[in-house]
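Q: Need a 3D model of the sequence below.
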Amino acid sequence: MPDGAALGEGNGDLAARLARTLGALWGEPVEVEGISRFHGGAARETYRFTAKRAGGDEALVLRRDPASSLITTSRAAEFHALARAHGAGLPVPEPLYLAADAHEFGAPGFLMREVPGGRAPSLFEEDPYGAGRATTGTALFTGLGRLHALVPDEEDRRRLPAMDAGQRLAHWKAEIAAHRIQPEPVAAAAIRWLEAKVPAPSGATAIVHGDFRSGNFLVDGEGRLLALLDWEMAHLGDPMEDLAWAMDPLWSHGMHGHVAGTLPRAEAIAVWAAASGRRFDPGAFEWWQLFAGVMGLAIWISSSFEVARHRTVDPVMAFAGTYPYRFHNAQVAAQLKRLMA
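A: Presented below is the predicted three-dimensional model:
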């Protein structure tokens, strides 16, 4: 957990830290200006700033560990996943530098280039992509398919955690157990069902983004995909996990049957299958759909815990424990009723 004093520093102190690190990295004097924080991320503090150097200004982004987080993840794994995706030509920000400890940035974190001109719609924005929704959805699920088409290499296996369906479920079960502040009967019932029916892998192990959903990608004004963001939950596992989370109704922008407010579900799956070369597994997907709801509950329950313990005043954390929690609690209960009918 990062040092509280370091995370409480002003922008001037952070600018000095960044200037020192970039000066050493680039071998020339650097000035840092215009630091501003993005609000909305649940697992990182994210800042944009301008690095001024002799060769011209650079728009950069810092992602560092916060004092309190919905989820505990590895910045080294995130950096590796981002670099792997960038190297494969996927639309992601270019990663530049990783600091594994708090010495350089006040907390472990990394630097990447900013992708300019994009926007990530909010959860409650209706039909956020308008006439460009098909363009957005096609690019989005092509990108996900291209990610899942990558064959994990030795470095991936060394840098990214490998978790099958049972291990993923055990992870989130433990998070709920550690952070619940009241009985969670819906989550408990869903976990019992999931534990009894853990599926075989839907295919070969893939690089899984882990948080692939609306809000975690940037588009331009015409719906063109600019960047896939927030790789902090990346791991090796079953690609059905990414599909189920992306297709969770919470991220639909109120557009029933449209994935992330973009393509109809069948079209999204077809685009993904064509790009990945993989087969969609309906049986495994049913399990992963319920898992997605439980994962959501685990994240929102953890958020409530952090707020209740006065470890954070971040409005995103406070919100996460209200509407998203109630949404997934009702959704998981309804799914269980259908599955057990």
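
Q: Show me the residue sitting in the middle of the chain in space.
A: When C-alpha atoms, centre = their mean is applied to the chain, the residue found nearest the centroid is Asp211 (3.4 Å).

Q: I'd like the distance from that one to Ala131, if you could.
A: 27 Å (C-beta to C-beta, to the nearest Å). No exception for glycine: its C-beta is placed from N, CA and C like everyone else's.

Q: quick one: the residue nearest to the centre of the chain and Met233 touch, right?
A: Yes. Between Asp211 and Met233 there is a contact under C-beta atoms under 8 Å: 4.7 Å.

Q: From the centre of the chain, give me the residue that's furthest out.
A: No residue in the chain sits farther from the centre than Ala54, which is 34.9 Å out by C-alpha atoms, centre = their mean.

Q: quick one, phi/psi of that residue?
A: Backbone torsions for Ala54, taken as degrees, to the nearest 10, come to phi -60, psi -40.

Q: coming back round to it: how about the residue nearest to the centre of the chain, secondary structure?
A: Using DSSP: H, G, I helix; E, B strand; the rest coil, the structure places Asp211 in coil.

Q: residue contacts, it?
A: Residues near Asp211 by C-beta atoms under 8 Å, 6 or more residues apart in numbering: Asp230, Trp231, Glu232, Met233, Trp245.

Q: quick one: which of those residues is most hemmed in?
A: Highest neighbour count within the contacts of Asp211: Trp231, with 27 neighbours (other C-beta atoms under 10 Å).

Q: How many residues are close by Arg113?
A: Arg113 has 14 neighbours, counted by other C-beta under 10 Å.

Q: oh, I was asking about Gly254
A: 12.

Q: element containing it?
A: Here Gly254, judged by DSSP states H and E, is contained in no helix and no strand.

Q: ok, so what distance separates it from Gln289?
A: 19 Å.

Q: before we move on, back to that, among the contacts of Asp211, which are located in strands?
A: Among the contacts of Asp211, no residue falls in strands (DSSP state E).

Q: what's the closest of the residues you listed to Ala284?
A: Closest approach to Ala284 among these (C-beta to C-beta): Trp245, at 13.8 Å.

Q: tell me the contacts of Phe212?
A: Listed by C-beta under 8 Å, 6+ apart, the contact set of Phe212 reads Leu144, Leu228, Asp242, Trp245, Ala246.

Q: The last one is in contact with Ala260, isn't it?
A: Yes. Using C-beta under 8 Å, Ala246 is in contact with Ala260, at 6.0 Å.

Q: so what pLDDT did the residue lying closest to Gly210 once chain neighbours are set aside get?
A: Closest residue in space to Gly210, ignoring its immediate chain neighbours: Met233 at 2.9 Å, by C-beta to C-beta, 6 or more residues apart in numbering. With respect to pLDDT, Met233 has a value of 94.

Q: quick thing: my sequence starts at 104, can you match it?
A: In the new count, where the first residue is 104, that last one comes out as Met336.

Q: you'd agree Met336 is up against Arg316?
A: No. With contact defined as C-beta under 8 Å, Met336 does not count as touching Arg316 (10.8 Å).

Q: Name the SS class of Leu163, please.
A: Secondary structure, three-state DSSP: Leu163 is strand.

Q: Specify the beta-bridge partners of it.
A: Phe152, Arg216 (DSSP bridges).

Q: so Val135, which of the three states?
A: Secondary structure assignment for Val135 (three-state DSSP): strand.
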